[in-house]
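Trainee: Generate coordinates for the sequence data below:
(2 chains)
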Amino acid sequence: MKFVDEFREPELITKTSAEIRRLADPDRHYRIMEVCGGHTHAIYRFGLKDLLPANIELIHGPGCPVCVLPMGRIDDGLAIAQNPDVIFTAFGDMMRVPGTQGSPLEHKARGMDVRIVYSPADALKLAEKNPDRHVMFFAIGFETTAPSTALTLMRAKAQRLHNFSVFCNHVTIIPAIRAILDSPDMRIDAFIGPGHVSTVIGCRPYEWIAKNENKPVAVSGFEPLDILQSIVMVLRQLKADEATIENQYKRVVPWEGNRAALRAMAEVFELRPYFEWRGLGFISQSALRLRESYAEWDSEQRFQVPGVRVTDPKAAQCGEVLKGVLKPHQCKLFGNECTPEHPVGALMVSSEGSCAAYFNYEHRKTAMVTSIASVA
Amino acid sequence: MAHGAGGKASRRLVEGLFAPLLFSSSSEPLGDAAHLDFNGTKIAITTDSFVVKPLSFPGGSIGELAVNGTVNDLAVSGAKAEAMVVTYVLEAGLPTPILEAEARAMGNAARKAGVTIAGGDTKVVEHGKADSMYITTTGIGRPIHGLKIDPRSVRAGDKILLSGPIGDHGITILLARGELDLEADLHSDTRSVLPLVEALAREAGPGVRWMRDPTRGGVATSLNELARDCRLGIVLMEETIPVRDAVRGACELLGLDPLHIANEGQFLAVVAPEYADAALNALSLAPGGQDAQVIGEVREQPSGAVLVTTRYGGSRIVDMLVGDPLPRIC
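Mentor: Next up, the predicted model:
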């Protein structure tokens, strides 16, 4: 398959893995954060940790939109959809994410009209087909998915389609990275920058990380070779004691980003003064809401929203895992109370969440190695 | 709904609720069909229900699925389907031509698979109380000579065979629902695997320890069940697992794992190592078995789990499916 197989070529992967071993100083421990949940998933799915020396530790960052969404927002969205006139639509990613009264799928089983869509445009089509119902799109995602929500809203406005609205949970990546860097217990040497987000925002918004924080960044693609090559890039910088922004994902990411997408976002959205992130708390100017000119298509303005706030169980240590202070399996709830089937904390809910990825792909592998070692 | 998706929740429902309340001898591992002995007369019996949307799709329809699914459940338990009975649950208002088409599809599939449809029943429920049409089947069969299927006989060192490319059915259905603007030249793999199983029995019968058709939940779920039943590890070599490009592409786009996607015309077999070559040969030479592969082997570790190794030295644990596979977009 083109654009996939080239980046999974065993010979190149072995070479790059050897280059990483050559560059890594054996007397130093490296902590590299991959910001994006897609990278976390790929690292586990392709077993990339097996190809890295033990002193390179990958810290899984905040870039999984499902994971960082507070439970109260899900409750709010589902509360709107209790109205039998409303059709609740969302990406498949959202469907198993629990609110306090269960996930969208569980609400569907109890009779709520919940539908999986593959894009906000599909939700808009559903509204066109069901003029006597109201279609609400529960929007999630970083700058990756926000432009398609924006374009859909522009189309709804142009068509004067009034039985459609968006419950907006779009968040922005830079404030989250800043919050992690500002955290006192943060210890990260370099970043693997998010590939998909950067197709929209470009590489410029990361420059402060290199300039002010002196941390190297490599914006990376999602294939095994992409990620390994990005690790090579940041290791080279660390070795030379440099910090710059490198674009490993040039085949997709333009340095300046996608202007048309950014224009659409600016037309429709404005920054919220603050927004709650699961595991990280309130972060100022970290999320988007609809502008006044789109109020008519804003679910939060059209419907009564209870504004539920649910605090995560105290025992769940999501924040520490997100910041890289703890590994997933070091959380007290991991694998016991908190599993992918019954997630308690944020990072267990999506397969891109670091805890779920660790549980699905790594957990028993580690247990296996331990048991072999104990036999020996 | 997860309880019906064939993965973890389904297994918990069966083992936790049904088995203790319904089954007399719960020590037998749960297979695709039950083997009974009536004073020396041995028969195998299985039952299954078919719920699929849309009713017809490239490569097949619910009528064919019902016959092939029943024949296959018997085949992988080591039995040849002889007869089956069929129940239709119909939603009031279902157009007659659709019912007629499905009955015809069923009759044709039964003739092709060499199984007699011996009887049936029809129920009609109010409009809105069922989704068009559900089919329930019960099939009986006779043990295939020379096969003894038992997960407890599986040993470390055994080889795992797969009869052909995986994921065709599940991805075809996903695309046939028309919710995705994806087009692919792909059709369901629904077919009877009995001829392949018979070829395997002829050439490598004494070496065959276990078989399963990886329907809902896919290859990963079937092999996880095996790993748990025999308390051994299953190690797969990813590059040997046959997956068509169209399936791989759709899975890459939607964030799905082909190992979790449903199949309706493939089966997995665990074969003693000394019979592995003969078994692969038998499958490869049988019509429809040309893509068969040895995809891995049974090892002591990881006990109770399935490990997939990649071409470049990475590895990952692949669990059973939890609920239905959901596409990842954001």
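
Trainee: could you pull out the helices for the stretch 151-300 of chain B?
Mentor: Residue ranges of the helices in the stretch 151-300 of chain B, as given by DSSP state H, counting those that start in this stretch, are B:168-176, B:194-204, B:218-230, B:245-254, B:276-285.

Trainee: Please tabulate the ones you listed in CSV, including the columns mean pLDDT and mean neighbour count.
Mentor: The way it works is simple: take the backbone N, C-alpha and C, and place the C-beta from them, glycine included. CSV is the format used below for the helices of the stretch 151-300 of chain B (pLDDT from 0 to 100; neighbours: other C-beta atoms under 10 Å in any protein chain shown):
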stretch, mean pLDDT, mean neighbour count
helix B:168-176, 93, 24
helix B:194-204, 96, 22
helix B:218-230, 94, 24
helix B:245-254, 90, 19
helix B:276-285, 97, 19
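
Trainee: To A:Met348, which of those lies closest?
Mentor: The closest of the helices of the stretch 151-300 of chain B to A:Met348 is helix B:218-230. By C-beta to C-beta, the value is 19.4 Å.

Trainee: what angle separates that closest one from helix B:168-176?
Mentor: 140 degrees (axes from the mean of the first three to the mean of the last three C-alpha atoms, to 10 degrees).

Trainee: Show me the contact partners of helix B:218-230.
Mentor: B:6-7, B:11, B:29, B:151-152, B:154, B:160, B:162, B:166-167, B:170, B:210, B:212-214, B:233-234, B:236, B:241, B:257-263, B:268, B:270, B:298, B:303-306, B:318-321 (C-beta atoms under 8 Å, 6 or more residues apart in numbering or on different chains).

Trainee: check contacts around the residue in chain A that chain B sits nearest to.
Mentor: Chain A approaches chain B most closely through A:Gly47 (2.6 Å), counting by C-beta to the nearest C-beta. Applying C-beta under 8 Å, 6+ apart, we find A:Gly47 in contact with A:Tyr361, B:Thr309, B:Thr310, B:Gly313, B:Gly314, B:Ser315, B:Arg316.

Trainee: Name the nearest residue to it, ignoring sequence neighbours.
Mentor: B:Gly314 (2.6 Å; C-beta to C-beta, 6 or more residues apart in numbering or on different chains).

Trainee: I'd say that neighbour and A:Leu52 touch.
Mentor: No - between B:Gly314 and A:Leu52 there is no contact under C-beta atoms under 8 Å: 9.9 Å.

Trainee: got any residues that touch both of the two?
Mentor: What both B:Gly314 and A:Leu52 touch, as defined by C-beta under 8 Å, 6+ apart, is an empty set.

Trainee: quick revisit: got the contacts of A:Gly47 as JSON lines, with secondary structure columns?
Mentor: Below are the contacts of A:Gly47 laid out as JSON lines (DSSP: H, G, I helix; E, B strand; the rest coil):
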{"residue": "A:Tyr361", "secondary structure": "helix"}
{"residue": "B:Thr309", "secondary structure": "strand"}
{"residue": "B:Thr310", "secondary structure": "coil"}
{"residue": "B:Gly313", "secondary structure": "coil"}
{"residue": "B:Gly314", "secondary structure": "coil"}
{"residue": "B:Ser315", "secondary structure": "strand"}
{"residue": "B:Arg316", "secondary structure": "strand"}
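
Trainee: And the furthest pair within these?
Mentor: A:Tyr361 and B:Gly313, at 15.1 Å, using C-beta to C-beta across these.

Trainee: neighbour count winner among these two?
Mentor: When A:Tyr361 and B:Gly313 are compared for neighbours, A:Tyr361 comes out ahead with 25 against 14, by other C-beta atoms under 10 Å in any protein chain shown.

Trainee: Grab the nearest non-local neighbour of the more buried one.
Mentor: Excluding its sequence neighbours, the residue lying closest to A:Tyr361 (C-beta to C-beta, 6+ apart) is A:Tyr44, at 3.8 Å.

Trainee: cool, and A:Val349?
Mentor: Once flanking residues are discounted, A:Val349 sits nearest to A:Pro343: 4.4 Å by C-beta to C-beta, 6+ apart.

Trainee: can you tell me the helix or strand for the one you found?
Mentor: If you go by DSSP states H and E, A:Pro343 is not part of any helix or strand.

Trainee: if I read this right, A:Cys64 contacts A:Glu34, doesn't it?
Mentor: No - if you go by C-beta under 8 Å, A:Cys64 and A:Glu34 don't touch, sitting 10.8 Å apart.

Trainee: Can you check which residues contact both of the two?
Mentor: Counting by C-beta under 8 Å, 6+ apart, the residues touching both A:Cys64 and A:Glu34 are A:Thr40.

Trainee: quick one: which of these two has more around it?
Mentor: A:Cys64 (30 against 26).

Trainee: dump the residue contacts of the residue of chain B found nearest chain A.
Mentor: At 2.6 Å from chain A, B:Gly314 is the closest residue in chain B, using C-beta to the nearest C-beta. Shown in contact with B:Gly314 (C-beta under 8 Å, 6+ apart): A:Phe46, A:Gly47, A:Leu48, A:Lys49, A:Asp50, A:Leu51, A:Pro224.

Trainee: looking at it, the last one is touching A:Ile13, isn't it?
Mentor: Going back to what we said before, that points to A:Pro224. Yes - in terms of C-beta under 8 Å, A:Pro224 counts as a neighbour of A:Ile13; the distance is 5.7 Å.

Trainee: Beta-bridge partners for A:Leu290, please?
Mentor: Counting by DSSP bridges, A:Leu290 is bridged to A:Phe269.

Trainee: which ones are touching it?
Mentor: With the criterion set at C-beta under 8 Å, 6+ apart, A:Leu290 makes contact with A:Leu153, A:Val166, A:Cys168, A:Val268, A:Phe269, A:Glu270, A:Trp297, A:Asp298, A:Gln301.

Trainee: Quick check: closest non-adjacent residue to the first one.
Mentor: When you say that, I think you mean A:Leu153. A:Val268 (5.0 Å).

Trainee: Can you tell me which of the contacts of helix B:218-230 are classed as buried?
Mentor: Buried residues within these, counting neighbours by 16 or more other C-beta atoms under 10 Å in any protein chain shown: B:6-7, B:11, B:151, B:154, B:160, B:162, B:166-167, B:170, B:210, B:212-214, B:233-234, B:236, B:241, B:257-263, B:268, B:270, B:298, B:303-306, B:318-321.
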